[in-house]
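>>> Would you be able to build a 3D model of this:
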Amino acid sequence: AGYPWDPEDKEYVVVDNKCQCVTVTSKLVPSRDNPEEEILQRNIRILVPLKARQNISDPTSPLRTTFVYRMAELCKRCDPVEVELGGEIHKAQQSSCEEPETCYTYDREQCYTSTFPFLYHGEIKQVQAVLTPESCYAD
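Numbering: from 1, shown residues only. Below is the predicted model of the structure:
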């Protein structure tokens with residue numbers, strides 16, 4: 001179902017994946033073959049982050065050159081939903097949600113950290129640094 005892209009428009013956002021920079025919208029439009037009939041039109045907007053790293057939490061990792069987008073993975077819902085089966089309400093969830101999602105850019109709702117060497121009084125220590133402070137600290 002999604003939510004309206006623009007209050008004035010009949011286009012709905014079906015997927016808004018900030019991790020992979022993809023937005024999928026859909027709307028009903030008149031058919032070219034039969035103007036009396038409406039068909040579902042999907043629009044896929046992909047922003048390719050050119051400075052993305054292979055390992056997003058490691059600023060020293062090489063730049064990513066390959067980006068893979070699978071509609072089935074973009075559209076999967078991992079949050080449980082209530083469905084009615086045989087007059088009873090059950091919670092259902094997709095089973096393949098355990099694998100971590102590949103991120104091409106920072107998802108501002110997720111906390112990212114990286115370890116880096118820090119020279120202090122002549123001694124090098126490994127220090128954990130926060131890469132997205134607004135999502136790592138409540139206030």
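
>>> how about the nearest residue to Glu37, chain neighbours excluded?
Among residues not flanking Glu37 along the chain, Ser31 sits closest, at 4.5 Å (C-beta to C-beta, 6 or more residues apart in numbering). All C-beta atoms are positioned from the backbone trio N, CA, C, and that covers glycine.

>>> Surely Glu82 touches Glu88?
No. Using C-beta atoms under 8 Å, Glu82 is not in contact with Glu88; the gap is 10.4 Å.

>>> So the residue sitting nearest the centre point of the chain versus Arg108, what's the distance?
Per C-alpha atoms, centre = their mean, the C-alpha nearest to the average position across the chain is that of Asn17, at 2.6 Å. Counting by C-beta to C-beta, to the nearest Å, the gap between Asn17 and Arg108 amounts to 13 Å.

>>> quick one, helices of the chain?
If DSSP state H is used as the criterion, the helices of the chain fall at 71-74, 133-136.

>>> Reformat those helices as TSV; add distance to Ile56.
Supplementary listing: these in TSV, determined by distance: least, C-beta to C-beta, whole Å:
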stretch	distance to Ile56
helix 71-74	17
helix 133-136	13
